[in-house]
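Sequence and predicted structure, then a few things I'm wondering about:
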Amino acid sequence: MGVIAFTLLAHEFPFNGNSLPELSNNIMKTMPDYNKLSEKGISNDCIDLIKNMMKKQSNKRYSIDDVLNHRFILQEVEKIKKKLTLTKDDKENAL
């Protein structure tokens, strides 16, 4: 999930290599350049979520429950709820 999120937001892959062995080595031994996300205007909370989804040690990597309860996700859900919630006046004006 972290690699997909990084790729979608940075518009490039977090790891590179000219061959499969080189790519595998880079995945195992290097860290993505998270500055590329900052440069795209991605929030620190979102970057923190991606970092935790991309931890190399699987026992330290976020589970789906961790992802769903991360502050970035919770904040975004609240923003969506606010946009979808109509006030009483909005409902009356819509009629």
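Noted; the coordinates are in hand. Worth saying up front: this structure is predicted, and the values here are computed from it rather than measured.

wait, isn't Pro32 in contact with Met54?
Yes. Between Pro32 and Met54 there is a contact at 6.6 Å, judged by C-beta atoms under 8 Å. In this view, the C-beta of every residue, glycine as well, is placed from N, C-alpha and C.

joint contacts of these two?
Taking C-beta atoms under 8 Å, 6 or more residues apart in numbering as the criterion, Pro32 and Met54 both touch 6, 14.

Near Ile80, how many other residues are there?
The local packing of Ile80 (other C-beta atoms under 10 Å) involves 10 other residues.

and the longest helix that the chain contains, what does it pack onto?
The longest helix of the chain (DSSP state H) is helix 71-84. Packing partners of helix 71-84 (3 or more C-beta pairs under 8 Å, 6 or more residues apart in numbering; DSSP states H and E): helix 44-53.

what helices or strands is the helix it packs on leaning on?
helix 2-10, helix 35-39, helix 64-68, helix 71-84.

where in this structure is pLDDT low?
The chain contains residues with pLDDT under 70 at 86-92, 94-95.

before we move on, back to that, out of the helices and strands packed on helix 44-53, which comes closest to Asp48?
helix 71-84 (7.0 Å; C-beta to C-beta).

just the CA coordinates of the longest helix of the chain, formatted as CSV?
Output of helix 71-84 as CSV, limited to C-alpha atoms (Å, rounded to 0.1, in the frame of the first residue of the first chain):
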residue,chain,number,x,y,z
ARG,A,71,-4.4,10.8,12.2
PHE,A,72,-4.2,11.7,8.5
ILE,A,73,-7.0,9.2,7.6
LEU,A,74,-9.1,10.3,10.5
GLN,A,75,-8.7,14.0,9.6
GLU,A,76,-9.5,13.4,6.0
VAL,A,77,-12.6,11.4,6.9
GLU,A,78,-13.8,14.3,9.1
LYS,A,79,-13.3,16.7,6.2
ILE,A,80,-15.4,14.5,4.0
LYS,A,81,-18.1,14.2,6.6
LYS,A,82,-18.3,18.0,7.0
LYS,A,83,-18.7,18.4,3.2
LEU,A,84,-21.4,15.8,3.1
